[in-house]
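Asker: Generate a structure from the sequence data that follows.
(chains A and B)
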2 protein chains.
Amino acid sequence: MIAEIISTGDEVLTGTVVDANAAWIAARLYETGIVVGRHVCVGDDMDRLTDVFFEAGQRADIAIVTGGLGPTLDDITASAAARAAGVELEENQEALAYMTVFFKRFGRPLSDSDAKQSLLPRGASPLLNSVGTAPGFTLKIGRCRFFFLPGVPFEMRQMMDEHVIVSLEADAARNGTGSFYREKRLSLFGLPEAHVNERLADLTGVIDNVKLGMLAEFPVIHVKLAASGHNEKALEAAVSAAADRVRQRVGEYVFSETGQTMEEVVGDLLIRRSATLALAESCTGGMIASRITNVAGSSRYFLCSAVTYSNEAKMRLLGVPADTLDAFGAVSEQTARQMAEGARRLAGSDYAVSVSGIAGPGGGTPEKPVGTVCIGLCGPAQSFARQYQFPFENRMANKRIFAETALNLLRKTLNA
Amino acid sequence: MIAEIISTGDEVLTGTVVDANAAWIAARLYETGIVVGRHVCVGDDMDRLTDVFFEAGQRADIAIVTGGLGPTLDDITASAAARAAGVELEENQEALAYMTVFFKRFGRPLSDSDAKQSLLPRGASPLLNSVGTAPGFTLKIGRCRFFFLPGVPFEMRQMMDEHVIVSLEADAARNGTGSFYREKRLSLFGLPEAHVNERLADLTGVIDNVKLGMLAEFPVIHVKLAASGHNEKALEAAVSAAADRVRQRVGEYVFSETGQTMEEVVGDLLIRRSATLALAESCTGGMIASRITNVAGSSRYFLCSAVTYSNEAKMRLLGVPADTLDAFGAVSEQTARQMAEGARRLAGSDYAVSVSGIAGPGGGTPEKPVGTVCIGLCGPAQSFARQYQFPFENRMANKRIFAETALNLLRKTLNA
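Answerer: Predicted coordinates for the structure are as follows:
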């Protein structure tokens, strides 16, 4: 079974938007045991769209198409599909009924341009879009079954899971061709990508039947172990054995094996210890607090962050003595420690973490170049600070790695 | 002149990596006045690669191929190109000379697998890679001129500019077909995408020679006006006239015409007024402070943010009276106003902005459902708060739109 992925739309073709949909669909199909032959991206051009649909209809077993289903003039996917299949467009009563219900629910009248979205190629079956107005549809063109989905990532993903994957899995079950998929993801922090690469290089492609992939999401690196096949137990054993080998090489840097982010791991540790947290952020400027509060339910443990960007604020809010700032500077272990202690006192929390550093591009000195950061940690049993040096000149890269380092230090302390 | 972009490699095909190269190349070609017909992505599979090269050779005038030029067994681009062109691979002396120099410069010996990279299709001309080991090459297949570049983004970009763009511009100059490119981007906030669409729908494709594109970067929408052609002055006039027509329809929502983010616009306004800023954030959890401090030089105006997630912290840090919290709740105009006043007092700033709301997924009530937010603003001349209601259930969507709304309110106040 060979699949093709077809992305449509001028904004993708001209590079205004990166085609992240195609990668997501490819990964989802791969997990379902389906081989992707190629991706094609084409603009809102009737002749080219028709050609691409027609060609895929000769070559592939299934095709997933995204984009061009909306109410505007640019949205010509249904027309091109009809041309490629050699059929007419007609009003699809089922699609119209779906849309009427959806618009009613949102209290909006169904305009003529909205209603255009119920014009589908003859022989197409609509696919309900439970989160947007444009219904998708499925249609046979040549020997290939096409699934037409919206280009909006959120809607596309929902419909991919609700319609495409469900239907492909049902086919596989019927034909007894179902295959299993197992995946494990180890998330690492603290080892640069090139070093992870080096340590794992000889494992690539040689752990029996397990595909080893690396995905950098700076500053975190995910090592992905994936296998598909017909024997569920053998798959699990193979992925588990592969994970053991990866852990032997880089285990000390693994902070999550469940896909949890660093802030989720830290949140769970705080809940398990019934402990509360306060922050004092200088150069990260609220990024750590924002990440902590991205986790639903973080109000159980997170009390506050004092984002003290100016020295004045470090003194006023956190009670850092002017003497400390004068003698050691804002970016020093002494100041970081005082900031953490001040935040803990201010909030009445069990733990407090502080960050003071030089994110750049300006502000560096020969002694404390851009990339220098001091992190303080104050808990019921200890109060300390550490200085780190990172090689980045880029402000955002530094903010990210400073934030991750602070959260990782807290994780290790809570785990100790 | 029609171009095609071909990305190769299993990691892109299976969705392990998003194909950002294709978007970058497309944008670069578009700026050079070249129309992209389609993108194709295919894995490390000899037959499929050969097919894709052969097909593009029939269809396009130029093709940009990325990936598969390295020394490993997976790297089969040159072989597939030779098959598609119907020629043999042979050792290319020029490529070998390049590589010898490059390896010498980095003090590494040239191994057999490295040397493999100098095997190119007969008739190919190598393209010097000044930042990596794998040389690229150019070759005619069918009627189409192919440029083969590495998949590493940094190397690809360098070679795209050094070789491909330079060569295309030289061709254009020779043939008198050189073209200019002009682009203008209006960034909007406060009008949902569907409404922007509706207001601009009849302009799409009809503003003479100017391409109108929309790019949603939630909650901001960018309207992009782009034109290419031979008369530089006419282009500028056309884009400027198109911008006037867009402003007539949605001008009140435009916050930037220079690509600046909302936090950059606000930063410039604060600098212009020599004013300082403090924040008090509850549900946005530090996101606003983090965005403000993403701007280099923000220490000139940003003093601090009190991220007061708990009610206790709102009282302790900002001096919000317990009575106010009891009587009106944390999410109320009364509390938001007290938070802003408290932040301004605490920091000694000219302006302070506060946010208190319900980002979800939990915490909503019938009176104050998820998506409710109160924003306070306190300045030298005024102190007020406003309540807003957004239709989103999603925590991240709410954090983002709350933050943008707060920054926008500050922008309007500073502009008044």
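
Asker: Okay, strands next: where are they in the stretch 51-200 of chain A?
Answerer: Along the stretch 51-200 of chain A, counting by DSSP state E, counting those that start in this stretch, strands occupy A:62-66, A:89-91, A:119-121, A:125-127, A:136-141, A:144-149, A:180-188.

Asker: from those strands, which stretch is densest packed?
Answerer: strand A:62-66 (a mean of 27; mean count of other Cβ atoms under 10 Å in any protein chain shown). The C-beta positions use only the backbone N, C-alpha and C, and glycine is treated the same way.

Asker: Name the residues of the helix or strand of chain A with the lowest mean pLDDT that are buried.
Answerer: Sorted by mean pLDDT, DSSP states H and E, the helices and strands of chain A end with helix A:112-115, the least confident at a mean of 76. By neighbour count on 16 or more other Cβ atoms under 10 Å in any protein chain shown, the buried set for helix A:112-115 is A:114-115.

Asker: Next, format the strands of the stretch 51-200 of chain A as TSV and append mean pLDDT and distance to chain B.
Answerer: Shown next, in TSV, are those (pLDDT from 0 to 100; distance: least, Cβ to the nearest Cβ, whole Å):
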stretch	mean pLDDT	distance to chain B
strand A:62-66	97	12
strand A:89-91	93	20
strand A:119-121	94	17
strand A:125-127	93	21
strand A:136-141	96	17
strand A:144-149	96	15
strand A:180-188	89	11
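
Asker: Would you convert those strands into a markdown table that also reports distance to residue B:124?
Answerer: Formatted as a markdown table, the strands of the stretch 51-200 of chain A follow (distance: least, Cβ to Cβ, whole Å):
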| stretch | distance to residue B:124 |
| --- | --- |
| strand A:62-66 | 34 |
| strand A:89-91 | 47 |
| strand A:119-121 | 44 |
| strand A:125-127 | 46 |
| strand A:136-141 | 37 |
| strand A:144-149 | 35 |
| strand A:180-188 | 40 |
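
Asker: quick one: which of those strands is nearest residue B:316?
Answerer: Nearest of the strands of the stretch 51-200 of chain A to residue B:316, taken as Cβ to Cβ: strand A:180-188 at 35.3 Å.

Asker: Give me the sheet partners of the closest one and which way each runs.
Answerer: Paired neighbours of strand A:180-188 in the sheet (DSSP bridges): strand A:220-229 (antiparallel), strand A:254-256 (antiparallel).

Asker: Comparing the ones you listed, which yields the minimum mean pLDDT?
Answerer: Lowest mean pLDDT of the strands paired with strand A:180-188: strand A:220-229, a mean of 87.

Asker: wait, residue A:227 sits on residue A:239?
Answerer: Yes. Counting by Cβ atoms under 8 Å, residue A:227 touches residue A:239, with 5.4 Å between them.

Asker: overlap in contacts of those two?
Answerer: Residues touching both residue A:227 and residue A:239 (Cβ atoms under 8 Å, 6 or more residues apart in numbering or on different chains) are A:182-183, A:210.

Asker: give me phi/psi at residue A:34?
Answerer: The phi/psi pair for residue A:34 (degrees, to the nearest 10) reads phi -110, psi 130.

Asker: And for the one 5 residues further on?
Answerer: Note on residue A:39: its backbone torsions stand at phi -110, psi 150 [degrees, to the nearest 10].

Asker: okay, the nearest residue to it once chain neighbours are set aside: pLDDT?
Answerer: Spatial nearest neighbour of residue A:39, chain neighbours left out: residue B:41 (3.9 Å); criterion: Cβ to Cβ, 6 or more residues apart in numbering or on different chains. Listed pLDDT for residue B:41 reads 96.

Asker: Report the secondary structure state of residue B:41.
Answerer: strand (DSSP: H, G, I helix; E, B strand; the rest coil).

Asker: tell me the contacts of it?
Answerer: Shown in contact with residue B:41 (Cβ under 8 Å, 6+ apart): A:22, A:38-40, B:6-8, B:12-13, B:19, B:22.

Asker: Write down the beta-bridge partners of it, one by one.
Answerer: Beta-bridge partners of residue B:41, counted by DSSP bridges, are residue A:39, residue B:7.

Asker: Could you measure from it over to residue A:73?
Answerer: Per Cβ to Cβ, to the nearest Å, residue B:41 is found 28 Å from residue A:73.

Asker: and what of residue A:275?
Answerer: Counting by Cβ to Cβ - residue A:275 and residue A:73 are separated by 58 Å.

Asker: Close to chain B: what parts of the stretch 301-416 of chain A are there?
Answerer: A:302-310, A:312-313, A:316-317, A:346-348, A:360-362, A:395-396, A:399 (Cβ under 8 Å from any Cβ of the partner chain).

Asker: Quick one: end-to-end length of stretch A:294-307, please.
Answerer: Using Cα to Cα, to the nearest Å, the end-to-end distance of stretch A:294-307 comes to 17 Å.

Asker: chain center to it, what's the gap?
Answerer: 21 Å (Cα atoms, centre = their mean, to the nearest Å).

Asker: Can you list the buried residues in that stretch?
Answerer: So, applying 16+ other Cβ under 10 Å, buried residues of stretch A:294-307: A:294-295, A:298-299, A:301-307.

Asker: again, but for stretch A:263-276
Answerer: Buried residues in stretch A:263-276, counted by 16+ other Cβ under 10 Å: A:263-270, A:276.
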